[in-house]
Every structure is written in structure tokens, then in C-alpha cells.
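next comes the sequence, and after it the predicted model I'd like to discuss.
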Amino acid sequence: MTVFNELRMRPAGASRWGWDASNTARLAMAGAVIFTLLVGANLATPLYPLLQAKLGLNSLDITVAFSAYVLALVATLMLTGHWSDHIGRRAALLVAVLTGLAGGFVFAQADSLAALSAGRALQGIAVALATGASSAALRELLPERPEWASRFTLLASAGGVAAGPAIGGVLSLLPGPTSTPYVIHSLILMALLLPLCLLRARPAIKPGEGPRPLKALAPRRPSISHEARGAFWLAAAVGFLSFTVFGFCLSLAPGYFARILSIDSRPLIGVLSGLTLAASALSQLLSVRSRFAVPAGLALLGGSVTLIGAAAGWSNPWLLVCASLAAGVGQGIAFRTVFNDVAGKVEASRHAQIISTVYVITYLGSAVPMIGLGIATAAYGLEGAVAGFVVLCGASAVALAAVTLRRSLRAA
């Protein structure tokens, strides 16, 4: 089946042409696409101080540009989260890669806040298109091991977000520091297009029917079965809090860390910004089986986030590193547990749609609080706003840990 037939949801004649990839290769492709797109979406993290100086932006402008990415991502998840169920996983991933290429080009050439935000918005659309498709593809390829499907999903996602700032910092040392990283990233995305086009796609699980199959792509109101409702809202709450912390790490934290610790090395700033996300990704390899995993992870996240603020205030880089790593481990364990719970309770035919809805609420944590933090920064200064922010995040994590602990004790 050709990509054009998949997009039109039209049946194709039997054909033996194409790459009949193994399950391992398909797993690698699904993970590589979402990983690479998220790397590209976060290359800019250590570049924001350069962009501020180049374009004359302030802290609020940076949070606006960052939020443009998140809001576009959220809107696209709401409108298209179910598309890969109807057009197929391969077609959705291919469209995502093409959109990511466009976003990188616009961002690299941006000469104003509007252009910067437009590039970020295209990157958000690309990530959204790939999110539900890659998660559903991984689950379908590992039907007997749903927990590992969730782990691979979060490993690829958190790993891409964590690697982006570090890679962006290193590539920014080359000539054209704000554009060269995107040129190199675009070459990698183009390399992914070839195997995606050659892949012999598997049929969509819910192809469009009737004379107007494209009606299946119309936006729909998300609904959750009664059995999965509690797990859904818990995953959404943990995800929202997690991405509030991640949003800070990827937007204002680079400038904050650079100022507090008196460093100007972009690779080092990128590494510091990505530590929490890297630890979250690596925590997916840990096997933690306990009914208290969620409250313990959230308590660790809350305490560590508070210490991140304290470490910066004390200009203590080692405490900053340790607190960032601990926050990532706590978040990774808690979010994986609740994510795996909701994924296991959702019927296969609606997996992409429901997981996309979880990510709608989760990604809002990277947008709404960041806009508020930007406004607070303009009013109270960066140090004062961040101090209040970390205390609020820490208190929220501890409160959510108490709620989940009570649930765990009741279930005992």
C-alpha cells in the first residue's frame, strides 16, 4: 500500500513491493521517529540566550516562543490524536517527519518572535502527529509485553527531550550557532524518510468506510471507559506536574543556571538543562514493583525540585546536578507506573486516541505554568520568580504523593 493510498484511506491492490521489515526494525523505526523529532524540538534550549541577544527578546518572549510549541502540540493532539488509527501508523509518522522538517527550517531562519513562534508551532504539530502513532505502534508490536511497550515509549520520548539540549549546545559551537544545529537535524530527518517510504505498511486498525472515508478524521470528543477513568486522571495529573518541571528546564532554566552559576558554555548549559529528563529516560530501565512506587516517586520529585532552587541560590553546582538527577528518577518511576496503568486499561482500538488525550493534559503543564512564570519573571525578576516556582512545584508534588499514598493504602 502506498503512502498516498493510506492518507486517502483507499484500499490498494495486492503488491509484494516494499520492505517487509521485522518487528525489531519496526520497533526501532517507531522509536527513532519520535526520538529524533523531540531532539529537534529541544535543540533550541541552550540557544535561547543567543536568540535573546540576536533578536532583542526578553524572558517573557522566550516563554511565549516555548509555549507556541506546546500549544500547537496540544491542539494537534486534540484534533488528530486518532488519525493513525484510520490512516495507519506509517503514514502518520511520515507526515510528522515532513512537518518537522518544515518547522526546523522556519525556526533556523527566524528573524523575529513571530517567526520563531511559527517554527516552534510546526515542531509541536510534528511531535503531536508522531506521539499517538509511535505509542500505538510500539504497543501493537509488543502485544504480550505491554509494560515494555510503555517503557520504550517513555524512553524514546524523555530520551529525545533530554538529548536535544545537550546536542544543541555542542552543535552551537559550529559556525552559524542558531541555524547549523537545524541543518544537521534536517539531514537526519531526511534519512528517516527513506525507510519509512520503503516500509511495507500494515493495515490501519480502523480504516475509513463508505464513500466518504475521510469523515473518520474529523475531530471527536474524547471519551474514556469507566474502568480506565481513574487511571486516566491520575496519569494526567502526574503528567501535568512532570511537564511543568520539564518546561522550566527547557525554557528559562538555561539562562537561570548560566546567571546563577556564572557559566557561559552552551554545551554545559545544555547538559544541565537536560539532566532531569535524561534521568527520567534512564529510569525506564529500572524495575520497580511496589504499590508505593507512585507516592515515593512523587515525594522524591517534590523534594528534589525544591533542592534545585536551593542549589542555584547557593551557587552549588554539585547539589544542582544531584537534585536534577533525583527529580528525573522520581518523575520517571511515578509517571511510568501511572502511564502503564492507563495504557493497560484502554482498549486497543482506541489506544492512540486515549494516550494522545493523556498527553494533551500533560503537555499543558509545559505551557500554562510557563506563561505564568514568564509574567512573574517580568514582575519580580528571574531569581524571585524561580524561587516561588520551585516551592510551588515541590508542594504540589508532595500533595499529590499524599493522595496517591492514601489510594495505595486503601488498595492494600
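It's in.

run through the residues that contact the residue positioned nearest the centre of the chain.
When the chain is reduced to its mean C-alpha position, the closest residue under Cα atoms, centre = their mean turns out to be S157, at 5.5 Å. Residues counted as contacts of S157 (Cβ atoms under 8 Å, 6 or more residues apart in numbering) are I34, F35, L38, T131, A281. Backbone N, C-alpha and C define where each C-beta goes, glycine included.

again with A162
Taking Cβ under 8 Å, 6+ apart as the criterion, A162 is in contact with G274, L275, T276, L277, A278, S280, A281.

secondary structure element for it?
Counting by DSSP states H and E, the element that carries A162 is helix 146-171.

where does pLDDT dip in the stretch 1-150 of the chain?
By pLDDT under 70, the low-scoring segments of the stretch 1-150 of the chain are 1-18, 146.

quick one, strands of it?
For the stretch 1-150 of the chain, strands defined by DSSP state E, counting those that start in this stretch do not occur.

mind listing the helices for it?
For the stretch 1-150 of the chain, the helices defined by DSSP state H, counting those that start in this stretch occupy 3-8, 23-41, 48-55, 59-80, 83-87, 89-108, 113-141, 146-171.

who are the packing partners of the third one?
Looking back up the chat, that one is helix 48-55. Using 3 or more Cβ pairs under 8 Å, 6 or more residues apart in numbering; DSSP states H and E as the contact definition, the elements that helix 48-55 packs against are helix 59-80, helix 113-141, helix 253-261, helix 266-282.

could you dump the ones you listed to a markdown table with distance to N340 and mean neighbour count?
Supplementary listing: the helices and strands packed on helix 48-55 in a markdown table, determined by distance: least, Cβ to Cβ, whole Å; neighbours: other Cβ atoms under 10 Å:
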| stretch | distance to N340 | mean neighbour count |
| --- | --- | --- |
| helix 59-80 | 20 | 23 |
| helix 113-141 | 11 | 25 |
| helix 253-261 | 28 | 21 |
| helix 266-282 | 15 | 25 |
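
who wins for proximity to G230 among those?
Each of the helices and strands packed on helix 48-55 has some distance to G230 by Cβ to Cβ; the shortest is helix 113-141, at 20.3 Å.

could you pull up the mean pLDDT of whichever helix or strand M370 is part of?
Counting by DSSP H and E, the element that carries M370 is helix 368-380. When pLDDT is averaged over helix 368-380, the result is 82.

that helix vs helix 253-261, what angle?
40 degrees (axes from the mean of the first three to the mean of the last three Cα atoms, to 10 degrees).

mind listing what's buried in helix 368-380?
Neighbour-count burial for helix 368-380 flags V368, P369, M370, I371, L373, G374, A376, T377 (criterion: 16 or more other Cβ atoms under 10 Å).

so where's the stretch 201-350 of the chain uncertain?
Per-residue confidence of the stretch 201-350 of the chain (counting by pLDDT under 70) places the weak regions at 204-228, 346-350.

helices of the stretch 301-412 of the chain, start to end?
Taking DSSP H, counting those that start in this stretch as the criterion, the stretch 301-412 of the chain contains helices spanning 317-345, 351-364, 368-380, 382-411.

which parts of the last one are buried?
Neighbour-count burial for helix 382-411, with 16+ other Cβ under 10 Å as criterion, is recorded at 382, 385-387, 389-390, 392-394, 396-398, 400-401, 404-405, 408.

the first one too?
When burial is assessed from 16+ other Cβ under 10 Å, helix 317-345 yields the following buried residues: 317, 320, 322-343, 345.

on that earlier part again, using CSV, lay out the helices of the stretch 1-150 of the chain together with distance to C249.
Formatted as CSV, the helices of the stretch 1-150 of the chain follow (distance: least, Cβ to Cβ, whole Å):
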stretch, distance to C249
helix 3-8, 36
helix 23-41, 14
helix 48-55, 12
helix 59-80, 11
helix 83-87, 29
helix 89-108, 19
helix 113-141, 16
helix 146-171, 8
